[in-house]
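> From the sequence below, what's the structure:
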Amino acid sequence: ESAEASPSVVFENIERCSPKCLWMLLENISGLTVDADFTVEVIPEINVAVVTFIKNMDTQEFVKKCSQHKRVTEFEMTVRLLELTQSIKTENLPDNISTHYLTLYFENARNGGGSVSDVQLFPEENSAIITFCDRKGNT
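Numbers count the residues shown, from 1 in each chain. Here you go, the predicted model:
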């Protein structure tokens with residue numbers, strides 16, 4: 001197993017569990033608090049939620065615990081670590097966004113960021129590719 005585990009966990013097949021229900025379930029399993037200790041991004045288009053831990057957490061152990069949890073099984077959700085990557089694509093950006101703004105935003109620890117090595121803007125698509133200095137998102 002990789003020495004560097006992702007701080008993010010993906011919950012798939014979440015349609016049977018409302019966002020508030022998912023937050024309570026996550027708090028019950030982790031013993032942590034939403035917003036203070038972790039964030040939850042629900043992506044309804046693909047029936048997924050991404051949980052990113054702000055506090056240091058053994059995410060591999062958390063995935064194992066979730067996979068065995070009665071409620072997770074009842075909701076027929078699957079849980080896995082989010083793959084680590086050095087680059088991300090961000091979409092639906094405002095027309096006047098600058099590379100400096102994006103760099104500062106993605107270097108903010110509150111947003112789960114880290115040192116940014118490159119920002120490529122694609123104004124015609126209102127998107128950008130953000131490349132971090134390392135796969136963790138920080139140095």
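> Isn't residue 91 up against residue 125?
Yes: in terms of C-beta atoms under 8 Å, residue 91 counts as a neighbour of residue 125; the distance is 7.4 Å. For every residue, glycine as well, the C-beta is placed using N, CA and C.
> What is the burial count for residue 24?
The tally of other residues near residue 24 (other C-beta atoms under 10 Å) stands at 14.
> now for whichever helix in the chain runs longest, which elements pack on it?
The longest helix of the chain (DSSP state H) is helix 19-30. Using 3 or more C-beta pairs under 8 Å, 6 or more residues apart in numbering; DSSP states H and E, the elements in contact with helix 19-30 are strand 38-43, strand 48-53, helix 59-67, helix 70-74.
> quick one: which of the ones you listed is nearest residue 20?
strand 38-43 (10.2 Å; C-beta to C-beta).
> one step back: just the residues contacting the longest helix of the chain, thanks.
11, 14, 17, 32-34, 37-38, 40, 42, 49, 51, 57, 62, 65-66, 69, 71-72 (C-beta atoms under 8 Å, 6 or more residues apart in numbering).
> repeat that with 6 Å
34, 42, 49, 65, 66, 69, 71 (C-beta atoms under 6 Å, 6 or more residues apart in numbering).
> Buried subset of the residues you listed as a PyMOL selection?
The buried residues among the contacts of helix 19-30 can be selected in PyMOL (16 or more other C-beta atoms under 10 Å) with this line:
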select buried, resi 34+49+66+69
